[in-house]
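# Kindly generate the corresponding structure for this input.
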Amino acid sequence: MSNTIQLKGDFIREEAMAAASTLPGKPVEKASTGKFAIVGTEGAEFGAVAVEDGLQGNPDTEAYVADNVMQANYQGKGNKVKMILKAGQNVAIGARLCVTTGGLLIAVGSAATATVVKQTVAAEEAVNLSASGAVDTFIAVRF
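Residues are numbered from 1 along each chain as shown. Next comes the predicted model:
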């Protein structure tokens, strides 16, 4: 199934080797090696999101393997994509989310107090992962 991560909007697609195992829906950036690496600094800026390899028939739940070619879309303002919300979060539509360790999204209010949030995306749906046993889950967001 293709185009399950990129929901709406114009983007620039780029391919590069994956620096590590990476799930579609995670924010990525070019590392000094030229490979795509997961953005893992809490509150960091990001412009690209890993997308599923639909040409190979891979679903959005299949991770890219380290040192294999990976596809990522550089996003424009207003674009709508699916990213991964960290378990334990309870967000409403319009909630501001930022990246945290491991390339997951958290509500801005959940970020460590010392964190300087440089970029946020807005939740396009309400998702409650606060129950015990909840797992990281896809959520639609808007840049």
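
# just how off-centre is stretch 63-80 within its chain?
9 Å (C-alpha atoms, centre = their mean, to the nearest Å).

# do you know how far the closest residue to residue 86 other than its chain neighbours is from residue 78?
Taking C-beta to C-beta, 6 or more residues apart in numbering, and ignoring the residues beside it in sequence, residue 86 has residue 104 as its nearest neighbour in space, at 4.0 Å. C-betas here are computed from N, CA, C, even on glycine. From residue 104 across to residue 78, the span is 23 Å (C-beta to C-beta, to the nearest Å).

# Please identify which of the two sits among more neighbours.
residue 104 (23 against 10; other C-beta atoms under 10 Å).

# so how far is residue 76 from the residue positioned nearest the centre of the chain?
With distances taken as C-alpha atoms, centre = their mean, residue 26 lies nearest the centre of the chain, 2.9 Å away. Distance, residue 26 to residue 76, using C-beta to C-beta: 19 Å.

# repeat for residue 121
From residue 121 to residue 76 the distance is 12 Å (C-beta to C-beta).

# My guess is residue 99 contacts residue 108. True?
No - taking C-beta atoms under 8 Å as the definition, residue 99 is not a contact partner of residue 108, at 10.6 Å.

# neighbour count winner among these two?
Neighbour totals were compared for residue 99 and residue 108, and residue 99 leads with 28 against 15 (other C-beta under 10 Å).

# Report the secondary structure element holding that one.
strand 96-100 (DSSP states H and E).

# doesn't residue 132 make contact with residue 87?
No - applying C-beta under 8 Å as the test, residue 87 and residue 132 come out as separate, 9.6 Å apart.
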